[in-house]
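Enquirer: After the sequence you'll find the predicted model.
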Amino acid sequence: MNEFVFVAFDVETIIYVDGTECGKTNNKMIVETGTHVFDLGDRNDYAPKSITQTIVGTSINDPYPLHFVKA
Amino acid sequence: MRRLLAAAVLLAAACAHYPVNPKLDRVDINQGYRWATTTIPQADNDIFLILTFSGGGTRAAGLSYAVLKQLEATKLADGSRLVDHVRVISSVSGGSFASMDYGLRGDDMLADFETTFLLKPIETDLVHAAFLTPGNLWKLLVSPNFHRIDVAAEVYDRHVFHGKTFTDLLAVQKEKNRPFIIINSTELEMGSRFEWTQDNFDPICSDIRDVHVARAVAASSDFPVLLPPLIVDKYDRSVCGYKDPEWVATARADAYTNPSRARYMTELEGFLDPDRKYLHLMDGGIADNIGLRAPLEAMRSTDTFVPFDRKEGRGGFTLVPLTNLGKIKRMMVVVVNAGAQGPVTIDSQQKEPDLPKVLGAVIGAPMDNYSFDSIQLLLSTIKELRGLETVYYPVLISFPLIPDQDKDLRDTVNGIGTSFNALTQAQLDGLKKAADLLLHQDPCFQRFMHDLEPDKNPMPSAICGSVPPPRP
């Protein structure tokens, strides 16, 4: 089972899902249905440091939105 | 003197041992035969072909080879051949002979696999080695650590793979940008799939580099009841400092939203269980008889047994990052299923079927049902994944899809028994014809070719479910 998420951040950067490089910010991306930890890696200019979220019931036209902000 | 000699021979035989897979000193994402050490994640992957080869003895090896030959013969405008774009081959049992030999020898295998394997009586070699070779017979009789499957592995090592190891396999992969070969077997007690890659060897803290590829293929084709399991030593996680991947922390909570994540975690826990000192590996067909599950998981999930190394930017076998980043434009998954519908035997008479027939049915029926579910899952997964840049083309090569007008051909290929006996020339010709027909009639293959080169290949009239035709 798969889902779509959209991770918003000020700049385009790598997104890690459960520690694995998975996609880029400000683009739709696919994740497996379930609970995941999202973070932007070693850069220290963002908050929160990670987001844990259960992703379920999304579609390409209705991706789950996640937001990181500049810190 | 004669007694002393006999005693020495007996003692030597009693000491015979299967080749023990070595310990791994430390987990290293840059070492061993694994996805991360191949050239593929960094290669040009615009066109990305995945092949899966099923079980079915020499029939499966022959059909797999015949499909490779078709891909070799299909030339693209840039001068490349479709076979040059095969990035992953995941195989089971008989199909593993073709995948491993192709991984090791590439074009050379395509040139001579008929004479080096398909038309050779490997089963006779096996029987000869196990029962008519005095040295082996003694070892089998008196040693508790040497089994018939080890004799089979030795035969494959000598006659088919010529002593090659996983280090050799990685070396030629890098040199020639060959596909990533996943040989699947089944862990008997857990019922879990076990892949012969370092990704799967990490949790058991073993080093795959010096392991002979023949042992992987022997395990993958280790048919239940006929042969005993192939034993792999399992070392404690402390030996190599194996750490849980991060997804494990959340997977248990997903038992209701996505049970497959929780199940995958349970499988990993099984491989790590300190009470498990050995793995008993059998035919990969028990867990997945079409070899589809490994690439399917990689298409849909980032969960692997390998913790991602952020410093190196490398991890286990997953295709999700490549598709999310738009690095794969067209992905064709060719499922080569050599499952055969034999003639009616049990149901043709009222009498109670004999034990071999019952056993065959009991083993075969769940495998066939699971294969059907795997294909359903592939099609539904592709439907879910649609929307980003990658376009998916599932291609099904399967004897029941041979149309009625070619019934004679269907009967010929269905009539090839599941064994490692040599194929007859007529059987081999039938498999080649079937591969040609099945590949070229497949609507998703036709659509794939059209999308690649529309001027050369018209839009197919049949619909490829995963890539619907443009609407008027």
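Expert: On my side now, so go ahead. Numbers count the residues shown, from 1 in each chain, chains lettered A, B, ... in the order given.
Enquirer: which helices and strands does the one helix or strand B:W138 maps to pack with?
Expert: Assessed by DSSP states H and E, B:W138 sits inside helix B:134-142. The criterion is 3 or more Cβ pairs under 8 Å, 6 or more residues apart in numbering or on different chains; DSSP states H and E, and the helices and strands that helix B:134-142 contacts are helix B:2-14, helix B:122-131, helix B:148-156. From N, CA and C alone the C-beta is placed, and that goes for glycine too.
Enquirer: The same query, at a cut-off of 7 Å, please.
Expert: Counting contacts by 3 or more Cβ pairs under 7 Å, 6 or more residues apart in numbering or on different chains; DSSP states H and E, helix B:134-142 is packed against helix B:2-14, helix B:122-131.
Enquirer: For beta bridges, what are the partners of B:R314?
Expert: B:D309 (DSSP bridges).
Enquirer: ok, back up a step: now the helix holding B:W138: average pLDDT?
Expert: The average pLDDT within helix B:134-142 is 80.
Enquirer: and if you look at stretch B:464-472?
Expert: Stretch B:464-472 comes out at a mean pLDDT of 83.
Enquirer: Is there proximity between it and chain A?
Expert: No - no part of stretch B:464-472 sits near chain A under the criterion Cβ under 7 Å from any Cβ of the partner chain; the closest distance found is 14.1 Å.
Enquirer: Export only the CA atoms of that stretch, formatted as CSV.
Expert: Provided in CSV are the C-alpha atoms of stretch B:464-472 (Å, rounded to 0.1, in the frame of the first residue of the first chain):
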residue,chain,number,x,y,z
CYS,B,464,-2.0,-2.0,-21.2
GLY,B,465,-3.9,-1.6,-18.0
SER,B,466,-1.1,0.4,-16.3
VAL,B,467,-0.8,2.9,-19.2
PRO,B,468,-4.2,3.6,-20.6
PRO,B,469,-4.4,5.0,-24.1
PRO,B,470,-4.9,8.7,-24.6
ARG,B,471,-8.6,9.7,-24.5
PRO,B,472,-10.1,11.4,-27.5
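Enquirer: residues making contact with that stretch?
Expert: B:379, B:382-383, B:386, B:391-394, B:443-444, B:447, B:459, B:463 (Cβ atoms under 7 Å, 6 or more residues apart in numbering or on different chains).
Enquirer: any idea which of these is closest to chain A?
Expert: The closest of the contacts of stretch B:464-472 to chain A turns out to be B:R386 (Cβ to the nearest Cβ; 7.4 Å).
Enquirer: Near chain B, which residues of chain A are found?
Expert: Residues of chain A lying near chain B (Cβ under 7 Å from any Cβ): A:1-2, A:4, A:17-24, A:28-30, A:32-37, A:41, A:54, A:56, A:60.
Enquirer: residue in the stretch 51-200 of chain B nearest to chain A?
Expert: B:D199 (12.9 Å).
Enquirer: List the buried residues of stretch B:368-386.
Expert: Going by neighbour count (16 or more other Cβ atoms under 10 Å in any protein chain shown), the buried part of stretch B:368-386 is B:370-371, B:374-375, B:378, B:381-382, B:384-385.
Enquirer: what's the answer for stretch A:12-27, then?
Expert: A:13-25, A:27.
Enquirer: any idea of the mean pLDDT for that stretch?
Expert: For stretch A:12-27, the mean pLDDT works out to 96.
Enquirer: Spell out which parts of chain B neighbour chain A.
Expert: Within chain B, the positions lying close to chain A (Cβ under 7 Å from any Cβ) are B:245-247, B:250, B:253-254, B:257-258, B:261, B:300-303, B:307-308, B:310, B:313, B:315, B:318, B:320-321, B:323-325, B:381, B:384-385, B:387-388.
Enquirer: Give the ChimeraX command for selecting the buried subset of those residues.
Expert: Buried residues among the residues of chain B next to chain A (16+ other Cβ under 10 Å), as a ChimeraX selection:
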select /B:245,246,247,250,254,257,258,261,300,301,302,303,307,308,310,315,318,320,321,323,324,325,381,384,385,388
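Enquirer: Give me the subset of the residues of chain B next to chain A lying in helices.
Expert: Using DSSP state H, the subset of the residues of chain B next to chain A located in helices is B:250, B:261, B:300, B:320-321, B:323-324, B:381, B:384-385.
Enquirer: Excluding sequence neighbours, find me the nearest residue to the residue of the stretch 301-450 of chain B found nearest chain A.
Expert: Chain A sits closest to B:G387 of the stretch 301-450 of chain B, with a gap of 3.2 Å, by Cβ to the nearest Cβ. Nearest residue to B:G387, sequence neighbours excluded (Cβ to Cβ, 6 or more residues apart in numbering or on different chains): A:I60, at 3.2 Å.
Enquirer: The residue of the stretch 101-250 of chain B found nearest chain A: what's it in contact with?
Expert: The nearest approach of the stretch 101-250 of chain B to chain A comes at B:E246, 3.5 Å away (Cβ to the nearest Cβ). Shown in contact with B:E246 (Cβ under 7 Å, 6+ apart): A:18-19, A:37, B:307.
Enquirer: Under the pLDDT cut-off, which ranges of chain A? List them.
Expert: Scanning chain A for pLDDT under 70 picks out nothing.
Enquirer: should've said chain B
Expert: Counting by pLDDT under 70, the low-confidence segments of chain B come to B:1, B:4-13.
Enquirer: So what pairs up with the residue nearest in space to the middle of it in the strands?
Expert: Taking Cα atoms, centre = their mean, the centroid of chain B lies closest to B:S91, which sits 1.5 Å from it. B:S91 forms beta bridges with B:F53, B:I183, as assigned by DSSP bridges.
Enquirer: how close does it get to B:L230?
Expert: Using Cβ to Cβ, to the nearest Å, we find B:S91 at a distance of 16 Å from B:L230.
Enquirer: just B:G191 next, same as before
Expert: Relative to B:L230, B:G191 is positioned 16 Å away (criterion: Cβ to Cβ).
Enquirer: Touching, B:D157 and B:A214? I think so.
Expert: Yes - at 3.6 Å, B:D157 counts as touching B:A214 under the criterion of Cβ atoms under 7 Å.
Enquirer: who's more crowded, the two?
Expert: Neighbour tally, B:D157 and B:A214, criterion other Cβ atoms under 10 Å in any protein chain shown: the higher count belongs to B:A214, 25 against 20.
Enquirer: Determine the set of other helices and strands touching the strand or helix carrying that one.
Expert: Using DSSP H and E, B:A214 sits in helix B:213-220. Here helix B:213-220 is seen to pack against helix B:94-105, helix B:148-156, strand B:180-187, strand B:230-233 when contacts are counted using 3+ Cβ pairs under 7 Å, 6+ apart.
Enquirer: And whichever helix or strand comes after the shortest one, what's buried?
Expert: Under the assignment DSSP H and E, the closest C-terminal helix or strand after strand B:230-233 is helix B:237-240. Across helix B:237-240, burial judged by 16+ other Cβ under 10 Å covers B:237, B:240.
Enquirer: Same question for stretch B:411-426.
Expert: Buried residues in stretch B:411-426 (16+ other Cβ under 10 Å): B:412-414, B:416, B:418-423.
Enquirer: No further questions, thank you.
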